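[1] A structural model of the following input is requested.
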Amino acid sequence: MKRLFTGMTDTGLVRSANQDSYVIDSDGRFFVVADGMGGHAGGQEASRIATEVIQTFLTQYWNSEIPSEQLLEKAILEANQAILNDQTQHPERADMGTTLVVLMFRDEQPLCAHVGDSRLYRLRDATLQQLTEDHTWVARAVQLGELTPEQARSHPWRHVLAQCLGREDLQPVAIQPIEVQPCDRILLCTDGLTEELSDQIIATQLESIRVCEKAALALIDAAKDRGGRDNITVIVISIDAGR
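    From the prediction side, this is the model:
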């Protein structure tokens with residue numbers, strides 16, 4: 001299926017540096033968003049390493065016989081190890097890490113992988129659905145019925161990650177098939193967007209603005225209008241976008 005796409009990142013209105021990174025394959029085969037942490041230098045380096053290593057690995061082995069799920073997992077594990085290696089070489093960045101969300105179109109069935117709280121959404125028939133599940137303390141509490149989704153949005157521990165890249169004890173990478181069809185719109189984003197905008201606002205922007213570049217810019221501007229307290233990164237993909 002034909003895909004139109006764009007990516008944008010913005011420092012926001014409060015942070016002095018941008019610790020987000022993203023990569024878009026020029027042929028639209030894969031898309032990567034990462035949100036670094038661990039101070040300005042550490043966060044920037046962790047997200048940069050993650051996106052660059054994954055881009056290099058997927059490009060190098062794209063035409064290999066490695067099954068797609070295994071290929072994606074290997075790319076992420078390579079990125080994790082590269083961050084660990086950098087931590088060893090630069091002790092001042094020992095606490096750096098990054099979230100990650102990747103969408104890959106290699107077979108008929110697209111695959112998504114994610115670590116942390118960067119998200120993947122799908123808009124279909126004006127309904128927005130979050131297809132990834134945050135790896136955070138509050139998300140787990142909501143699953144267990146200890147918090148409501150409304151409480152989770154403002155909970156002081158909502159940024160506490162259950163896992164991220166840059167850890168020796170990285171859990172098995174969450175990889176899942178993603179079903180897409182003509183006229184779907186896909187959004188990959190960091191929490192700088194979702195902290196400021198409700199799902200309804202995101203859905204309205206994606207549904208009403210059909211050009212990917214304009215939709216991405218509108219989402220970032222809307223997040224900044226509501227505070228822009230964190231770096232904001234978005235990738236917008238239109239499936240068979242002809243209208």
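[2] Tell me which stretches of the protein form helices.
    Using DSSP state H, the helices of the chain run over residues 39-61, 68-89, 137-143, 149-154, 191-194, 199-208, 212-225.
[3] what's the neighbour count on Asp95?
    Residues lying near Asp95 (other C-beta atoms under 10 Å) number 14. Yep, even glycine has a C-beta here, placed from its N, CA and C like the rest.
[4] how near is it to Val160?
    Relative to Val160, Asp95 is positioned 14 Å away (C-beta to C-beta, to the nearest Å).
[5] contacting residues around Lys55?
    Actually, residue 55 is Gln rather than Lys. Going by C-beta atoms under 8 Å, 6 or more residues apart in numbering, Gln55 touches Val23, Asp25, Phe30, Val32.
[6] swap the cut-off to 6 Å and go again
    Applying C-beta atoms under 6 Å, 6 or more residues apart in numbering to Gln55 gives the contacts Val23.
[7] do the one 3 residues further on as well
    Residues in contact with Leu58 (C-beta under 6 Å, 6+ apart) are Phe30, Ala75.
[8] switch to 7 Å and redo it
    Taking C-beta atoms under 7 Å, 6 or more residues apart in numbering as the contact definition, Leu58 lies against Phe30, Leu71, Ala75.
[9] one step back: nearest to Asn231, of the helices of the chain?
    helix 191-194 (4.9 Å; C-beta to C-beta).
[10] what helices or strands is the closest one leaning on?
    Applying 3 or more C-beta pairs under 7 Å, 6 or more residues apart in numbering; DSSP states H and E, we find helix 191-194 packed against helix 212-225, strand 232-239.
[11] If we use 6 Å, what do you get?
    On a contact count with 3 or more C-beta pairs under 6 Å, 6 or more residues apart in numbering; DSSP states H and E, helix 191-194 meets strand 232-239.
[12] The strand it packs on pairs with which strands, parallel or anti?
    strand 3-10 (antiparallel), strand 185-189 (antiparallel) (DSSP bridges).
[13] Please work out which of these is packed deepest.
    strand 185-189 (a mean of 26; mean count of other C-beta atoms under 10 Å).
[14] which regions of this structure sit below the pLDDT cut-off?
    Along the chain, segments meeting pLDDT under 70 span 137, 139, 141-148, 150-158, 241-243.
[15] run the last query once more with 90
    Counting by pLDDT under 90, the ranges of the chain that qualify are 1, 38-41, 135-162, 171, 174, 240-243.
[16] picking that back up, output the contacts of Leu58 in TSV; the columns should cover distance to Glu108 and neighbour count.
    Putting these into TSV (distance: C-beta to C-beta, whole Å; neighbours: other C-beta atoms under 10 Å) gives the following:
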residue	distance to Glu108	neighbour count
Phe30	15	22
Leu71	15	19
Ala75	20	27
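[17] Name the nearest of the residues you listed relative to Ile235.
    Phe30 (10.6 Å).
[18] rewinding a little: of all the helices of the chain, which lies closest to Leu128?
    That would be helix 199-208 among these, by C-beta to C-beta, at 3.8 Å.
[19] ok, and what's touching the closest one?
    Outside helix 199-208, the residues that reach it (C-beta under 6 Å, 6+ apart) are Leu123, Ala126, Leu128, Arg185, Ala215, Ala218, Leu219.
[20] Just put those residues in CSV and tack on distance to Asp86.
    Formatted as CSV, the contacts of helix 199-208 follow (distance: C-beta to C-beta, whole Å):
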residue, distance to Asp86
Leu123, 36
Ala126, 43
Leu128, 36
Arg185, 35
Ala215, 34
Ala218, 36
Leu219, 31
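[21] What subset of the residues you listed is buried?
    Neighbour counting with 16 or more other C-beta atoms under 10 Å marks Leu123, Leu128, Arg185, Ala215, Ala218, Leu219 as buried within the contacts of helix 199-208.
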